[in-house]
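*Asks:* pasting the structure only:
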Ligand code: F1P
C-alpha cells in the first residue's frame, strides 16, 4: 500500500512495532538452542555486519557483553577479511552475522572464512529467511516483517535490534523471556504518536545545519545509526560520539546552527545531561531522549537491556522529514544501493 506521503520509508517506520513483536517471538522460539550454545564457555563472540548492520553489531556486542559472561566484540564484516589478526583469538568462538538482505558480500565471506577455519558456530540475524546468509547459520533468527522496499534501513534495523536484545536477554541472568513484548510495542507506538511532530519540527528547521548524536554503551551503535540515517537520507552533516568524547574536541563545532541529540541513559543520566548543558551554554540546540526526565521520555518501565529500540523511531523520523524538507527522496538516497555485492576474489 502506498502511504499518503508517497514514500514507503514513512510506512516502514510507522509500522515497525509489528516487526519488533515478531523478532521477540522468533528469538523465544530459538531460546533453548541459543542457551545450548553455552556462550560463556567460549573465548569470544564476534558480532559483524556492514553499514547499518555494523552499527547494530556495536549495540548487540555491548548488550551481550553485559549479560553473556564472555568477551563480545563488534567489527565491520570486512575487518575479518582485511585484518584477521586484529580480530581472532585462539579458541572456540561464536560469530553473530547480521544482515537485512542476507546477501552482502563481505558478511557472506566473513561467515564462509569463519566456518572453513572451524572457528565455531554461526548465529544469523536477518530479515530474509531464504537468503544465502541464512543458509550458512547454525541458528537462524529471521524476522520477515522487518523487510523493506526502501534502501535505507529503518524497520529492518529496529527489528534486528529487538532480536539482538532478546538474545542478550535469554543468555543472561534472570531473563524476561519475552514477557515485555506487548509493553515494548505499545511503548514504540506511544513514542511515535507523542513525538512525531517534535521530530518533524526539528527536521524542517532550516537554521539547523549540522547534527551530532551522543550515546554511550549500547546506545553508541544507535547514535551511529541515527547519524548514518541523516547523512544518507538528507545529506546533512552529522556525526556520532560517546557522550564524554564530545568534550574532547568535537565540542569546538558547536554554534547556534548545531543540534546535539543526546541518547540519555538512566545509569549515566546526570553526567550525560551535563554534556548537554555544556552544549546549550555554547549556544547549541539540544534534544534529549531517554526513559525519564528527558525532552522525549519513554516512561516504559522496562528493563534497560530490552528497551533501547525505543530511541529509534524519533531518530528515523528526524532523518525522514529532513530528507523530504530538503527535496530529497528518502526511499532512494543518492549514490546508494540496498545491498553491496562485490567480487571479493578468492
Ligand atoms: C548493509 C548495507 C545497508 C546500507 C546500504 C548498503 O546491508 O550497508 O546497511 O543501507 O544500502 O548495505 P545488509 O547486509 O544489512 O543487507
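*Replies:* Now that the structure is in, tell me what you want to look at. A quick note: this is a predicted structure, and the numbers were derived from the prediction, not measured.
*Asks:* For the chain, what lies in contact range of the ligand?
*Replies:* Neighbours of the ligand within the chain, by C-beta under 6 Å from any ligand atom: 49-53, 99-101, 104, 107, 151-153, 336-340. Yep, even glycine has a C-beta here, placed from its N, CA and C like the rest.
*Asks:* repeat that for 5 Å
*Replies:* With C-beta under 5 Å from any ligand atom as the criterion, the chain meets the ligand at residues 50-53, 99-101, 104, 336, 340.
*Asks:* Grab the nearest non-local neighbour of the residue of the chain found nearest the ligand.
*Replies:* Across the chain, no residue is closer to the ligand than residue 51, which sits at 2.3 Å (C-beta to the nearest ligand atom). Nearest in space to residue 51, with sequence neighbours left out and distances taken as C-beta to C-beta, 6 or more residues apart in numbering, is residue 228 at 7.0 Å.
*Asks:* Now the helix or strand hosting residue 111: average pLDDT?
*Replies:* Taking DSSP states H and E as the definition, residue 111 sits inside helix 105-116. Taken as a whole, helix 105-116 has a mean pLDDT of 97.
*Asks:* how distant is that helix from the center of its chain?
*Replies:* 22 Å (C-alpha atoms, centre = their mean, to the nearest Å).
*Asks:* With stretch 158-177 instead?
*Replies:* 14 Å.
*Asks:* which stretches of the stretch 1-150 of the chain form helices?
*Replies:* 8-14, 16-29, 31-36, 52-68, 77-82, 105-116, 132-135 (DSSP state H, counting those that start in this stretch).
*Asks:* now for the longest one, which elements pack on it?
*Replies:* Using 3 or more C-beta pairs under 8 Å, 6 or more residues apart in numbering; DSSP states H and E as the contact criterion, the secondary-structure elements in contact with helix 52-68 are strand 44-49, strand 71-76, strand 93-99, helix 155-170, helix 219-234, helix 304-307.
*Asks:* Tell me the helix or strand right after the last one.
*Replies:* Past helix 304-307, heading to the C-terminal end, the next element that is a helix or strand (DSSP H and E) is helix 312-325.
*Asks:* which residues sit against that following helix?
*Replies:* With contact meaning C-beta atoms under 8 Å, 6 or more residues apart in numbering, helix 312-325 is reached by 5, 7, 9-10, 13, 16, 152, 154, 157-158, 161, 188, 191-192, 195-196, 198-200, 202-204, 206, 211, 213, 222, 225-226, 229-230, 233-234, 236, 261, 289, 296, 329-330, 333.
*Asks:* circling back to that earlier point, from what I can see the residue of the chain closest to the ligand touches residue 225, true?
*Replies:* No: the pair residue 51 / residue 225 is not scored as a contact, 9.2 Å apart, by C-beta atoms under 8 Å.
*Asks:* out of the two, which sits in the busier spot?
*Replies:* Using other C-beta atoms under 10 Å, the more surrounded residue of residue 51 and residue 225 is residue 225, with 31 against 23.
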